[in-house]
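Chemist: No sequence on hand, only this structure:
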C-alpha cells in the first residue's frame, strides 16, 4: 500500500528524515516508534504531500507523493500531532465538513458524528468554537476527523498524547475497529512504547531520522539478548559512586546486556535501574553482592520480561539520564 525508497528531508543543517526506505502492507497497522525529534512527523508530512522530499521517492496507494499529490490526498486522512482545526468552526461543524470532503452520505455521517461525540465524551462541546477549547479536547477532535472519514489509509501522529488512560483505551479501540472492520491501512506514529505494542502488526524504530529496526513487536522483543529484565530501586544518597561508575562495574559482570537509569518522578532521592540480563538465576546474586559491598540500599527489586522500551533502548543506545 505504501512504498518508500530513499526518502530524505533536510531543514537547513538538520536531516529530519535520512534515506528512509520501507514498505507498508495493505490492511496493516504499522507503528512508527521513536522519541520526539526522531523524524516521525516529518515522514508523515512527506507521505501526506504537505512537504516535498529533497531526494528519494514514495508511492501511497500506487500514486507518487511528488507527481500525483491530489490522488494521494483522496486516499488518506491524517490526525496531526498538533491539531489542524478551523478556529471559527465548532466540533460538529468540523466533523461535518471533514465528512463531506470524503463524500460520506448525510445520514451515515450524522450517525458517525453522534457516536464519536458520545464515546469520546464530547457532548458538552458540540457548539463551542474550536479556539475556545482545551488542548486535550482539540486533540480528540483531531482524531475524530480521521475516525469519521474512515479512509483507505489513516495516519495518526501521537493520537493519544495528553489524554487520560481511559480515553487512550477508547481511541485504541476505534483504531482497531477502523482496521478490522473498514480494512484501513494505518500508520501509527507514537513515542508511547505500550501503544505501539498493543496496536501494531509491525513496528519501525526511528531515531535521528533513520529507521533502526523493523519487525513485529513480539519478534523485536525476542531479538534483544536479554531473557529477563531486573528492575531495582535504590536510595541515591547511599550510593557513593557516580552512576556512570555503577553502570560500568555492573556491565563487567557476566550475562548483563545493558543498563539504564532514571530518577523516580515521585522521589528524587530514589534511582530506578533497569538491567537487561541473559541468565537471571546466575547474575542476580552477583548484582545483589555489588549493592551490598558498596552499601547501597535497595528499596525494591522485581523481574519482568523485555518490553518495547527495552528494545528501543537496546537498538538506539538511548540514555535515560546523563548517568544512565
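Modeler: Received, thanks. Quantities reported herein were computed from a predicted structural model and do not represent experimental measurements.
Chemist: Walk me through which strands the host helix or strand of residue 206 pairs with, and which way each runs.
Modeler: Secondary structure assigned from DSSP states H and E places residue 206 in strand 202-207. Taking DSSP bridges as the criterion, strand 202-207 sits next to strand 29-33 (parallel), strand 210-215 (antiparallel) in its sheet.
Chemist: tell me the mean pLDDT over that strand?
Modeler: Here strand 202-207 scores 94 as its mean pLDDT.
Chemist: Can you give the distance from it to the centre of its chain?
Modeler: Centroid separation for strand 202-207 versus its chain: 9 Å, with Cα atoms, centre = their mean, to the nearest Å.
Chemist: in the stretch 101-250 of the chain, which segments are predicted with low confidence?
Modeler: For the stretch 101-250 of the chain, no stretch is flagged by pLDDT under 70.
Chemist: Strands of that one, residue ranges please.
Modeler: 153-157, 185-190, 202-207, 210-215, 228-235 (DSSP state E, counting those that start in this stretch).
Chemist: Of those strands, which is nearest residue 7?
Modeler: strand 210-215 (10.1 Å; Cβ to Cβ). C-beta coordinates here come from the backbone N, C-alpha and C atoms, glycine included.
Chemist: CSV please, covering the strands of the stretch 101-250 of the chain and showing distance to residue 28.
Modeler: CSV is the format used below for these (distance: least, Cβ to Cβ, whole Å):
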stretch, distance to residue 28
strand 153-157, 10
strand 185-190, 6
strand 202-207, 7
strand 210-215, 12
strand 228-235, 28
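Chemist: Need the ones you listed in TSV (columns: mean neighbour count and distance to residue 290).
Modeler: Formatted as TSV, the strands of the stretch 101-250 of the chain follow (neighbours: other Cβ atoms under 10 Å; distance: least, Cβ to Cβ, whole Å):
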stretch	mean neighbour count	distance to residue 290
strand 153-157	25	43
strand 185-190	25	36
strand 202-207	24	31
strand 210-215	18	31
strand 228-235	18	10
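Chemist: The ones you listed: which one's closest to residue 315?
Modeler: Comparing these under Cβ to Cβ, the one sitting nearest is strand 210-215, at 4.9 Å.
Chemist: distance between that closest one and the chain's centre?
Modeler: Centroid separation for strand 210-215 versus its chain: 13 Å, with Cα atoms, centre = their mean.
Chemist: Run through who's touching it.
Modeler: Here strand 210-215 makes contact (Cβ atoms under 8 Å, 6 or more residues apart in numbering) with 18-22, 39, 202-206, 220, 223, 311, 315-316.
Chemist: ok, those residues vs residue 135, which is closest?
Modeler: residue 39 (23.3 Å).
Chemist: where exactly do the helices run in the stretch 201-324 of the chain?
Modeler: In the stretch 201-324 of the chain, the helices defined using DSSP state H, counting those that start in this stretch lie at 217-223, 243-251, 280-293, 308-316.
Chemist: what's the residue lying closest to residue 224 once chain neighbours are set aside in contact with, if anything?
Modeler: Among residues not flanking residue 224 along the chain, residue 314 sits closest, at 4.5 Å (Cβ to Cβ, 6 or more residues apart in numbering). Residues in contact with residue 314 (Cβ under 8 Å, 6+ apart) are 224, 226, 257-258, 276.
Chemist: returning to that earlier point: to residue 171, which of the strands paired with strand 202-207 lies closest?
Modeler: Once the strands paired with strand 202-207 are compared by Cβ to Cβ, strand 29-33 is nearest, at 13.3 Å.
Chemist: Can you name the next helix or strand after that closest one?
Modeler: Next helix or strand after strand 29-33 toward the C-terminus (DSSP H and E): helix 40-47.
Chemist: thinking again about what came up before, out of the contacts of strand 210-215, flag the one nearest to residue 236.
Modeler: Nearest to residue 236 among the contacts of strand 210-215, with distances taken as Cβ to Cβ, is residue 316, at 25.5 Å.
Chemist: That closest one reaches residue 205, doesn't it?
Modeler: Yes - look at residue 316 against residue 205 with Cβ atoms under 8 Å: they come within range, at 7.0 Å.
Chemist: which of the contacts of strand 210-215 lies closest to residue 241?
Modeler: residue 316 (25.6 Å).
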